[in-house]
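*Asks:* mind folding the following:
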Amino acid sequence: MALAPVAAQAADAELARNGGFEAGLDGWSCTAGSGAVVPSPVHGGTKALQATPAGSDNAKCSQTVTVKPNSSYELSGWVRGSYVYLGASGTGTGTTDVSTWTGSAPDWQRLSTRFTTGASTTSVTIYTHGWYGTPAYQADDLSLFGPGGDPVQLPAAPTGLAAGSPTSTTVPLTWTAVSGATSYNVYRGGTKIQTVTGTSATATGLTASTPYTFQVSAVNSAGESPKSATVTATTTSGGGGGTPGLPAHALVGYLHASFANGSGYTRMADVPDSWDVINLAFGEPTSVTSGDIRFSLCPATECPNVESVADFKAAVKAKQAAGKKVLISIGGQNGQVQLATTTARDTFVSSVSKIIDEYGLDGLDIDFEGHSLSLQTGDTDFRNPTSPVIVNLIQAVKTLKAKYGSGFVLTMAPETFFVQLGYQYYGSGPWGGQDPRAGAYLPVIHALRDDLTLLHVQDYNSGSIMGLDNQYHSMGGADFHIAMTDMLLTGFPVAGNSERFFPALRPEQVAIGLPASTQAGNGHTAPAEVNKALNCLTKKTDCGTYQTHGTWPALRGLMTWSINWDRYNQWAFSKNFDAYTWS
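*Replies:* Numbers count the residues shown, from 1 in each chain. Sure, this is the predicted structure:
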């Protein structure tokens, strides 16, 4: 509801900074990059705020303002959209937080509310936000009218800056909170790399085995403090993860070795040289929770042309002699694996080791799908998972990596639901009720990133997924692969929380997963569209409307389900890959 304006007092003034957004977002902070300034629609002037709720983020944009204790203020503004809120929250004894809202404003509507500060209140935060699941809203000409407070003092330089344990591409940083600071700027080598509101940050996109220097400064409405003392940290070498023996651009394919389907059985010896990594589908557990993984060739009754075990092993050796990698893929659509106990974890390690040793394989592909991975209620930080099925899987893979050494090839093939959906949702969410599998691969990828050779997310059999442009993207064209891959190579805040940022992977660790034919899975992408996606990501051409956050000529390549289906489709997928010009 709208209120009559407060009668002006001698000391009253307009206190909101850039309330008309004519200077962009100057003075305002919006969650998870949800806010932007648009030229239309506007209420006054030439610009207005537009903010888009996403997942558990309600697109809150806020500003902290200095006020006087025991004083009256009016907050007002013009909004447009569904379920738009305007409010103020204060610090100090006696302040009552206030808000007002409209359920429907198809055109500009004025909102207004009043409050009185408490005896110790020296600042309030004014804000506007939308509601979960609703479209973008607009706000303009926001105003806080009342007595101005004493000038805000410039914050002191932060102290206690420390670097945690680096990875090959990241360095975690922490520091001591500064009184009066509303945010902190993080610097690497003297260049600002990010702004955070808490007292921790992670520097990402770094180079292995390289020393870096970091500083932080404190910020409030008075400005920016001097920088802290410098701390130096050196990234690790990568622990043997990454690219053991692979070409600069690789083609990965799954070989139906243990079963037949409509594509027919393909012998190992008949797999063309186009394929650099061959994932044997599948090793499956004796039961969902046993951790006991078994693998055997397709029975002759199902696959009349299956080779003998001896011939299969000989063909594996021949592929390896030609520089190819052959892995056992665990899971698949029907192979649910839940390592809920340490016993299952240890059985997983021993049984997978037995398969690798018996067939002389190069490593492991994790293709956990369905309900294999989920996050327990309260497991909210991908950097420190607590769910047993997550923790035990990480420990099991690290044990296998340690056993086989730097030449061990580790790949993963999660679905978009378990990775990119984490930009919006993570686990059951802060209030419960979400699917606990949302984003559940993120802690596994993060914990194993220094051991990870390739991540090839399945860009198929997927619903629409929101990209870093806060727009939904759908399967079947270049746009989907560009947006999904850009998220992996740029990194993203998990569930909209900028303080829980999933760091970017190295481009040589990333391949794009696609179906080899229309029969292989939903979301088949025509070869011309595949090439557009590669052009955009590696050359910054053919990007369409989506603008990537970088250019990555070292992108590793493509993965497909499957080699068998590609053969069924006259090798159209692999021939297109072979013909593609990477530079």
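*Asks:* who's in contact with the host helix or strand of residue 356?
*Replies:* In this assignment (DSSP states H and E), residue 356 forms part of helix 342-359. With Cβ atoms under 8 Å, 6 or more residues apart in numbering as the test, helix 342-359 has contacts from 280, 283, 289-295, 312-313, 316, 326, 328, 330, 337-339, 361, 363-364, 392-393, 395-396, 399-400, 403-404. For every residue, glycine as well, the C-beta is placed using N, CA and C.
*Asks:* centre of the chain to it, how far?
*Replies:* 30 Å (Cα atoms, centre = their mean, to the nearest Å).
*Asks:* mark which of the contacts of helix 342-359 are buried, thanks.
*Replies:* The neighbour-count test (16 or more other Cβ atoms under 10 Å) marks 280, 283, 289-293, 295, 312, 316, 326, 328, 330, 337-339, 361, 363-364, 392-393, 395-396, 399-400, 404 as buried among those.
*Asks:* which of the residues you listed fall in helices?
*Replies:* 312, 316, 392, 393, 395, 396, 399, 400, 404 (DSSP state H).
*Asks:* show me what contacts the fourth one?
*Replies:* Neighbouring residues of residue 393 by Cβ under 8 Å, 6+ apart: 339, 345, 366, 368, 373, 444.
*Asks:* quick check, nearest of those residues to residue 236?
*Replies:* Residue 236 lies nearest to residue 444 out of the contacts of residue 393, by Cβ to Cβ, at 18.8 Å.
*Asks:* do I have it right that the closest one meets residue 419?
*Replies:* No - Residue 444 lies out of contact with residue 419 (Cβ atoms under 8 Å); the separation is 9.8 Å.
*Asks:* what's the burial count for residue 470?
*Replies:* Using other Cβ atoms under 10 Å, residue 470 is surrounded by 19 other residues.
*Asks:* looks to me like it is in a helix.
*Replies:* No - under DSSP: H, G, I helix; E, B strand; the rest coil, residue 470 falls outside any helix and is assigned coil.
*Asks:* quick check: it vs residue 59, distance?
*Replies:* 9 Å (Cβ to Cβ, to the nearest Å).
*Asks:* what ranges do the helices span in this protein?
*Replies:* 309-321, 342-359, 388-404, 442-447, 478-490, 527-539, 563-568, 572-579.
*Asks:* against which helices or strands is the last one packed?
*Replies:* Read that as helix 572-579. strand 250-256, helix 527-539, strand 557-561, helix 563-568 (3 or more Cβ pairs under 8 Å, 6 or more residues apart in numbering; DSSP states H and E).
*Asks:* swap in the fourth one?
*Replies:* Taking 3+ Cβ pairs under 8 Å, 6+ apart as the contact definition, the neighbouring helices and strands of helix 442-447 are helix 388-404.
*Asks:* angle of the helix it packs on against helix 342-359?
*Replies:* Following axes from the mean of the first three to the mean of the last three Cα atoms, to 10 degrees, one obtains 40 degrees for the angle between helix 388-404 and helix 342-359.
*Asks:* so for stretch 74-85, mean pLDDT?
*Replies:* Mean pLDDT, computed over stretch 74-85, is 95.
*Asks:* make that stretch 333-345, sorry
*Replies:* Per-residue scores along stretch 333-345 average to 92.
*Asks:* now it, how far from the centre of its chain.
*Replies:* Distance, stretch centre to chain centre, for stretch 333-345: 25 Å (Cα atoms, centre = their mean).
*Asks:* in it, which residues are buried?
*Replies:* For stretch 333-345, by 16+ other Cβ under 10 Å, it's 335, 336, 337, 338, 339, 344, 345.
*Asks:* so how far is residue 448 from the last one?
*Replies:* I take that to be residue 345. The gap separating residue 345 from residue 448 is 15 Å, by Cβ to Cβ.
*Asks:* again with residue 231
*Replies:* On the measure of Cβ to Cβ, residue 231 and residue 448 end up 26 Å apart.
*Asks:* next: residue 170.
*Replies:* Counting by Cβ to Cβ - residue 170 and residue 448 are separated by 13 Å.
*Asks:* can you check residue 232 too?
*Replies:* For residue 232, the distance to residue 448 - Cβ to Cβ - is 26 Å.
*Asks:* which of these two has more neighbours?
*Replies:* residue 448 (20 against 10).
*Asks:* residue contacts, the more buried one?
*Replies:* Residue 448 touches 241, 394, 397, 398, 401, 410, counting by Cβ under 8 Å, 6+ apart.
*Asks:* which two from the residues you listed end up farthest apart in space?
*Replies:* 241 and 394 (13.6 Å).
*Asks:* show me what the closest residue in space to residue 29 that isn't next to it in sequence is bridged to.
*Replies:* Nearest-residue entry for residue 29: residue 62, 5.7 Å, with adjacent residues in sequence omitted and distances by Cβ to Cβ, 6 or more residues apart in numbering. Note on residue 62: beta-bridge partners by DSSP bridges are residue 29, residue 127.
*Asks:* show me where this structure dips below the pLDDT cut-off.
*Replies:* 1-11, 32-33, 91-96, 150, 152, 237-243 (pLDDT under 70).
*Asks:* okay, now residue 166: neighbour count?
*Replies:* When neighbours are counted by other Cβ under 10 Å, residue 166 comes out with 21.
*Asks:* which one of the contacts of residue 448 is nearest residue 438?
*Replies:* Nearest to residue 438, judged by Cβ to Cβ, of these is residue 394 at 18.5 Å.
*Asks:* which of residue 241 and residue 394 has more neighbours?
*Replies:* residue 241 (25 against 19).
*Asks:* okay but residue 100 is in contact with residue 115, surely?
*Replies:* No - applying Cβ under 8 Å as the test, residue 100 and residue 115 come out as separate, 10.9 Å apart.
*Asks:* so which of these two has more stuff around it?
*Replies:* A side-by-side neighbour count of residue 100 and residue 115, using other Cβ under 10 Å, places residue 115 first with 24 against 20.
*Asks:* and for the more buried one, nearest residue in space, chain neighbours not counted?
*Replies:* residue 98 (4.6 Å).
*Asks:* now swap in residue 566 and tell me
*Replies:* residue 516 is the one closest to residue 566 (Cβ to Cβ, 6+ apart), at 3.9 Å.
*Asks:* hmm, the one you found is touching residue 558, no?
*Replies:* No - if you go by Cβ under 8 Å, residue 516 and residue 558 don't touch, sitting 9.9 Å apart.
*Asks:* which residues do these two both contact?
*Replies:* What both residue 516 and residue 558 touch, as defined by Cβ under 8 Å, 6+ apart, is the set residue 573.
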